[in-house]
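**Q** everything below, folded, please.
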Amino acid sequence: MKLNTFGAQMVAMLGIEMSTFTETSRALREQSAQFEHDPSGRFGPDILKGRVGPGGGIDVDPFRAAFMLIALIGGGLRKEAARNVWRIWHFRLPGYTRGGFVGEEPQAQPLPSCGLTGEGRFGEAVLKIIEDEDLAARVTLLSVSPLGAEIVFDGGEVSRFTAGIPSMNRPRFYYEAKVDGVIIQGCARLFGGSATRPNRLVPAVTAAQGELV
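**A** Model prediction:
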């Protein structure tokens, strides 16, 4: 799926203008050149670099879909787009540490993980949900704020991810954005290949201080 095709779908699902998607993707493409390669092997300066020539452009896989979705619901200033999505992606469950270490000592007990996805970081949890329609079908609500993020699932279970970083390094936006589970399910269906369950394309993003868009 090409970026423009994905954008048209997200515009319908989120109830935003195509110009918002275009400007956000352009800002991410320009700013992601500053990214260093992440140990996951996904983040890097070429994250939104497309192929040239016939059939070229940017191919959107579930990772790029999760990346763009977080950027769109995180909002904020365009000049902060890449920084914000990077920070939000790395929100983590309390007690979760990369590599299984606490300080200089190996982690003796299992690391905490999301009750829905088994992941410890918010971005990885969103990615796993988009990759799996069955997981997406269990999501009721997804919310993001500068202080953390939540995934509500199974009618009331909640996985809470925190910024876990000094306030000066938190994402720079000033509201809580909430996305209905229907949106997440629609996004997952773009990659799940289910033709029997059509998307319910409804605007479902709101903010604590008025409308997000």
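**Q** which residues of this protein fall in strands?
**A** 101-102, 105-106, 139-145, 148-153, 157-162, 177-180, 205-207, 210-211 (DSSP state E).
**Q** make JSON lines from these and add mean pLDDT and distance to Ala71 to it.
**A** The way it works is simple: take the backbone N, C-alpha and C, and place the C-beta from them, glycine included. Below are these laid out as JSON lines (pLDDT from 0 to 100; distance: least, CB to CB, whole Å):
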{"stretch": "strand 101-102", "mean pLDDT": "42", "distance to Ala71": "30"}
{"stretch": "strand 105-106", "mean pLDDT": "50", "distance to Ala71": "35"}
{"stretch": "strand 139-145", "mean pLDDT": "94", "distance to Ala71": "11"}
{"stretch": "strand 148-153", "mean pLDDT": "95", "distance to Ala71": "14"}
{"stretch": "strand 157-162", "mean pLDDT": "95", "distance to Ala71": "17"}
{"stretch": "strand 177-180", "mean pLDDT": "92", "distance to Ala71": "11"}
{"stretch": "strand 205-207", "mean pLDDT": "40", "distance to Ala71": "13"}
{"stretch": "strand 210-211", "mean pLDDT": "36", "distance to Ala71": "18"}
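**Q** among those, show me which one is buried the most.
**A** strand 148-153 (a mean of 23; mean count of other CB atoms under 10 Å).
**Q** so where's this structure shaky on pLDDT?
**A** Applying pLDDT under 70 to the chain flags residues 33-56, 75-77, 97-111, 164-174, 193-213.
**Q** all helices for it, in order.
**A** Counting by DSSP state H, one finds helices in the chain at the ranges 3-14, 18-31, 62-74, 81-89, 122-131, 133-136, 181-192.
**Q** which elements pack onto the fourth one?
**A** Under the contact definition 3 or more CB pairs under 8 Å, 6 or more residues apart in numbering; DSSP states H and E, helix 81-89 sits against helix 18-31, helix 62-74, helix 122-131.
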